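**Student:** Next comes the sequence, and after it the predicted model I'd like to discuss.
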Amino acid sequence: MILSTTNNIEGKKTVKYLGLVSGDAILGANIFRDFFASIRDIVGGRSAGYEKELRKAKTIALEEMEEQAKNLGANAIVGIDIDYETIGTNSSMLMVSANGTAVVVE
């Protein structure tokens, strides 16, 4: 499966558009509690633990989106957009959402 943030894939011809596909992952409140409890993990202004959890959530969202595309018969997803939003009471959770268009390319 080819995943792309662009609207087309260089060297490939889009022969069929199959529709919108999406995937979501939500990090619960524990990640924020763990994040603030592990401030000592920060090196150079970055938190390796927090970044690891964000990457994990992004991977889950992309894999979910890819599974939807496969079920439609796609071999690529174009126009992918990844968004990060806080949700829940007091913005206690982080949602990672990936959206794109499932296509068939040759």
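**Tutor:** That came through fine.
**Student:** And A102, how far from S91?
**Tutor:** Separation of A102 from S91 (C-beta to C-beta, to the nearest Å) stands at 31 Å. C-beta coordinates here come from the backbone N, C-alpha and C atoms, glycine included.
**Student:** Neighbour count for the two, which is higher?
**Tutor:** A102 (24 against 11; other C-beta atoms under 10 Å).
**Student:** what about the helices in the chain?
**Tutor:** Along the chain, the stretches classed as helices by DSSP state H are 29-37, 48-72.
**Student:** Least confident of those, on average?
**Tutor:** If you rank the helices of the chain by mean pLDDT, helix 29-37 sits at the bottom with a mean of 55.
**Student:** how many other residues sit next to the closest residue in space to N99 that isn't next to it in sequence?
**Tutor:** Spatial nearest neighbour of N99, chain neighbours left out: S22 (4.5 Å); criterion: C-beta to C-beta, 6 or more residues apart in numbering. Other residues near S22 come to 15 when the count uses other C-beta under 10 Å.
**Student:** bridging residues for V105?
**Tutor:** Beta-bridge pairing for V105 (DSSP bridges): T14.
**Student:** residues contacting it?
**Tutor:** Residues in contact with V105 (C-beta atoms under 8 Å, 6 or more residues apart in numbering) are I2, I9, K12, K13, T14, V15, N75, A76.
**Student:** how far away is the closest residue to D24 other than its chain neighbours from N8?
**Tutor:** If you skip the residues right next to it in sequence, D24 has S97 as its closest partner in space, 5.0 Å away by C-beta to C-beta, 6+ apart. Here the criterion is C-beta to C-beta. By it, S97 lies 23 Å from N8.
**Student:** more crowded one of those two?
**Tutor:** With neighbours defined as other C-beta under 10 Å, S97 and N8 compare such that S97 has more, 19 against 14.
**Student:** Many thanks, have a good one.
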